[in-house]
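Student: What follows is a protein structure lacking sequence information:
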């Protein structure tokens, strides 16, 4: 995998971060060998009442190398995913608890040429970020 992101200060506490990534998918089964190319934009909003909000929009193109077993090996799978996520970081708690809680709601639309992989879903997650001293 390789990626690039560049953060730009938009002023007044706003940051714009376009990003690009490339992933080579190598697996045990040939059904899932391929590549992913991702492009997106993350917008970081100013901290308000010890809460920082991030909005991320992205697009992933994922063509696979080999015909898929769901099609009796006659058709290659090709996904075109779009996603949107809204994250809330609580950096004010880091001084008290030693970590930053992050709550995210993410919507992903898996637009695939194979019906078995053509779906959309909501993914709520809670994470904890810790800054290590090294």
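Tutor: Structure's in. What do you need? Not measured: the values here are computed from a predicted model.
Student: Identify each buried residue in stretch 86-102, please.
Tutor: By neighbour count on 16 or more other CB atoms under 10 Å, the buried set for stretch 86-102 is 87, 89-90, 94, 100, 102. Using the backbone N, CA and C atoms, a C-beta is placed for each residue, glycine as well.
Student: From these, which land in helices?
Tutor: When DSSP state H is applied, the buried residues of stretch 86-102 are split such that residue 94 fall in helices.
Student: can you name the two of the buried residues of stretch 86-102 that are farthest apart?
Tutor: 87 and 94 (15.4 Å; CB to CB).
Student: What lies in contact with the worst-scoring helix or strand of the chain on mean pLDDT?
Tutor: Within the chain, no helix or strand scores below helix 94-97, which has a mean of 80 by mean pLDDT, DSSP states H and E. By CB atoms under 8 Å, 6 or more residues apart in numbering, the surrounding residues in contact with helix 94-97 are 100, 131.
Student: Off-centre distance for it?
Tutor: Its chain's C-alpha centre lies 27 Å from the corresponding centre of helix 94-97 when counted by CA atoms, centre = their mean, to the nearest Å.
Student: Likewise for stretch 19-28?
Tutor: 13 Å.
Student: So which bits of that stretch are buried?
Tutor: 19, 21.
Student: Quick one: mean pLDDT for it?
Tutor: Mean per-residue pLDDT for stretch 19-28: 92.
Student: ok, residues contacting that stretch?
Tutor: 1-6, 32-42, 58, 62, 64.
Student: And for stretch 32-48?
Tutor: So stretch 32-48 is contacted by 3, 5, 7, 12-27, 52-66, 77, 91 (CB under 8 Å, 6+ apart).
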